[in-house]
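Undergrad: Please find the sequence and the predicted model below.
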Amino acid sequence: MLIHPWDAATEDEALAFVRANEFGHLIAAGRDREVPVVVPTQFLLAGDRTVLLHLARPNPIWAAIEENPAVLLSVAGDWAYVPGSWKVLPGEGDPRLGVPTTYYAAVQLVCRAEIVTDAEGKAEILRAQIGRLEPEGALADPVEHERRFAGIRGLRLTVQKVDGKFKYGGNVDAEHRRYAAERLAERGGPGDAAARAHLVRRLEG
């Protein structure tokens, strides 16, 4: 992933984004494959260096991980299209000559994968994931479904590298970024509020 200096995220910023968006694509290259295996999946960032998830046993990613435990977890979102006219301040020039762009956040976690096959290990992963998403006590403990455990495998990913990109106009001056923030607030489309929040946070930070 190309990351210009003005778009680079701190590790804390990148991990906070991942924690707030715990759905992404797990990519396993395997060994000597023409294409990697890519799996869309929900996951849990437990602490800053561990990712937990589970997948169905027939998933094709298991063979790729067994060949090569180095995997990539990619998370992207909070994107918004920025029309070219927004890149030209009033009175600055012809809005038709503005260059459009897309604002977005993207984080890639380089990890080493450990496959979890024992029942207690699977139960621990399921407890952690359910604990993030369900009210306490709303569901039975996962061991109540142990007979179904044969149909899944768990994954514990150890994060080895964090690459974060927050592309929100960091290559232009504050006045142009504030103008874009105002236009995002006015438009109010899907993703605009989140993109504007990132833009303003990075502008004021």
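TA: In hand now; what should we look at?
Undergrad: check contacts around the residue most central in space within the chain.
TA: Centroid-nearest residue in the chain, with C-alpha atoms, centre = their mean: residue 75, separated by 2.0 Å. With contact set as C-beta atoms under 8 Å, 6 or more residues apart in numbering, residue 75 has these partners: 17, 18, 21, 22, 23, 24, 25, 106, 107, 108, 109. The way it works is simple: take the backbone N, C-alpha and C, and place the C-beta from them, glycine included.
Undergrad: what helix or strand does it sit in?
TA: Here residue 75 sits within strand 70-82, counting by DSSP states H and E.
Undergrad: Can I get that strand in CSV? Just the C-alpha atoms.
TA: Extracted in CSV, the C-alpha atoms of strand 70-82 (Å, rounded to 0.1, in the frame of the first residue of the first chain):
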residue,chain,number,x,y,z
ALA,A,70,2.2,-15.2,7.2
VAL,A,71,-1.2,-13.5,6.5
LEU,A,72,-2.5,-10.0,5.9
LEU,A,73,-5.7,-8.5,7.4
SER,A,74,-6.9,-5.6,5.5
VAL,A,75,-9.5,-3.1,6.8
ALA,A,76,-10.8,-0.1,4.8
GLY,A,77,-13.7,2.3,5.2
ASP,A,78,-15.0,5.7,6.1
TRP,A,79,-14.7,6.7,2.4
ALA,A,80,-16.2,9.6,0.6
TYR,A,81,-15.9,10.9,-3.0
VAL,A,82,-14.6,14.5,-3.2
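Undergrad: Which residue ranges of this structure form strands?
TA: 23-28, 37-42, 44-46, 50-56, 70-82, 101-116, 152-167 (DSSP state E).
Undergrad: that older thread, just the contacts of residue 75 now: which is nearest residue 129?
TA: residue 22 (9.0 Å; C-beta to C-beta).
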